[in-house]
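# Here is my input, please return the structure:
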Amino acid sequence: ELARTACVSRGSGPVWSLPERAGIFRNFQLDGPDGTYSMLEALHASYTDAIVVIHRGEIVLEWYDRLAWQDCTHLIMSVSKSFTSTLIGALVGDLLLDLGRDICQYVPELRGTAWEGATLQHLLDMSAAVQFDEDDYDNPESDGILIEQVSGYRPLRRDDLPPDTAAWIRSLPPQGTHGDRFQYRSIITDVLGWVIEEVTGQRFADAFSERIWRRIGAEHDADVIVDAKGFPTVEGGMCVTARDLARVGQLHLQRGEVRGEQVIPAAWADHPLHGNDTLRAHMATTGSEQGHEYYHDCWWVFDSARGLYAGHGINGQHLFIDRATQTVIAQHSTTPFPLDFPLLAFGTDVVMRVLDHFAGG
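Purely as a prediction, here's the structure:
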């Protein structure tokens, strides 16, 4: 309501109905830093606003705090990156995109900039060699915070910033060689949004609606934040309900198929789990505190052999997919700080206990 947004229409088609199976977590308990928690206590302790858990195609847990409700859209922060990657997969399946191509072939305006020579796969894996500081979300002068003024997350308070997201993208200096390392820089995903608009000839919101949102039977319209010139903040500006967030997870769990229709190629749904030694080595150099095996296609992979991976966003946004137990966990939260590693560890422990619960039958 406060930011510029573009509507991602669900259209007028039928909603993807999800059956419900209640009572699974009635006696669920886990040990935490301050004692034993029930499921409800764990949700409150992790500042959860809404959660939907799907197991074997059925909703087994759906909960909202007093400030959220079933039809309430919620900012999903960087889980938006995983949504963007989902649309990229649909375009790869339509032969509109090639992962190995230089992105300048899709966005000619980037020729002669630091982006030249970067491929789509470099963008998807956060290994494009551009200089952008997003290491400290508590530093108001970091690029990761300042770009929020440009994209419309925050009020514009400085007059020396690039006038729009595209201008900032073009102005970034080079840093190293494309593909030589992983460094989390959200602006890289925004370039994927630019690519999408160039190859489809549509606004991102319309392309996502046509190729993903309508086809999965989303229950509600979504929104995406746009800057003053309409550039979509695809790296962190999407707003969706908890149920629709879970539907995207279920789309991936079902290898791209919804109600008999292949929305994204099965090979693309599998692609995040096809890591390699380079991706694992890149993650090892970051000192990841969350136990991720690697980052690939805008997904954080915990265990590629098991099929456990997730989309994460600051302030507690999560979309977990576990093929081993056929489980999807979609979570909206509003944590006090963007990144709180002890709280993240507690939340991950809750998720793993839930998955262990299902693994045990």
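# part of a helix, is Ile169?
Yes - judged by DSSP: H, G, I helix; E, B strand; the rest coil, Ile169 forms part of a helix.
# which residue packs closest to Asp349, ignoring adjacent ones?
Among residues not flanking Asp349 along the chain, Leu30 sits closest, at 7.0 Å (CB to CB, 6 or more residues apart in numbering). C-beta coordinates here come from the backbone N, C-alpha and C atoms, glycine included.
# Just the buried residues of the helix or strand containing that neighbour, please?
Secondary structure assigned from DSSP states H and E places Leu30 in strand 29-32. For strand 29-32, the neighbour count (16 or more other CB atoms under 10 Å) marks Leu30 as buried.
# Going by contacts, tell me the helices and strands next to whichever helix or strand comes after that strand.
Toward the C-terminus, strand 29-32 is succeeded by strand 35-38 as the next helix or strand (DSSP H and E). Strand 35-38 sits against strand 29-32, with contacts defined as 3 or more CB pairs under 8 Å, 6 or more residues apart in numbering; DSSP states H and E.
# what helices or strands is the strand it packs on leaning on?
strand 35-38, helix 39-45, helix 341-359.
# So which of those is nearest Ala114?
helix 341-359 (31.0 Å; CB to CB).
# and the closest one, C-alpha only, in CSV?
Extracted in CSV, the C-alpha atoms of helix 341-359 (Å, rounded to 0.1, in the frame of the first residue of the first chain):
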residue,chain,number,x,y,z
PHE,A,341,21.8,-16.0,12.9
PRO,A,342,20.8,-17.6,16.2
LEU,A,343,17.2,-17.1,15.3
LEU,A,344,17.8,-18.5,11.8
ALA,A,345,19.4,-21.5,13.3
PHE,A,346,16.4,-22.0,15.6
GLY,A,347,14.0,-21.7,12.7
THR,A,348,16.0,-24.2,10.6
ASP,A,349,16.0,-26.6,13.6
VAL,A,350,12.2,-26.3,13.7
VAL,A,351,12.0,-27.1,10.0
MET,A,352,14.4,-30.1,10.3
ARG,A,353,12.4,-31.5,13.2
VAL,A,354,9.2,-31.2,11.1
LEU,A,355,10.9,-33.1,8.3
ASP,A,356,12.3,-35.7,10.7
HIS,A,357,8.7,-36.1,12.0
PHE,A,358,7.5,-36.9,8.5
ALA,A,359,10.5,-39.1,7.7
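# Name the residues that touch it?
For helix 341-359, the external contacting residues (CB atoms under 8 Å, 6 or more residues apart in numbering) are 24-25, 28, 30, 32-33, 42, 45-47, 53, 55, 289-291, 308, 316, 318, 320, 322, 324-327, 329, 331, 333, 335.
# Just the buried ones among these, please.
24-25, 28, 30, 42, 45-47, 53, 55, 308, 316, 318, 320, 322, 325-327, 329, 331, 333, 335.
# Which of those residues fall in strands?
Here DSSP state E is the test, and the buried ones among the contacts of helix 341-359 give Leu30, Val53, His55, Leu308, His318, Phe320, Asp322, Thr327, Ile329, Gln331, Ser333 as lying in strands.
# Out of those residues, which comes closest to Thr84?
Distance to Thr84 across these (CB to CB) is lowest for His318, with 16.7 Å.
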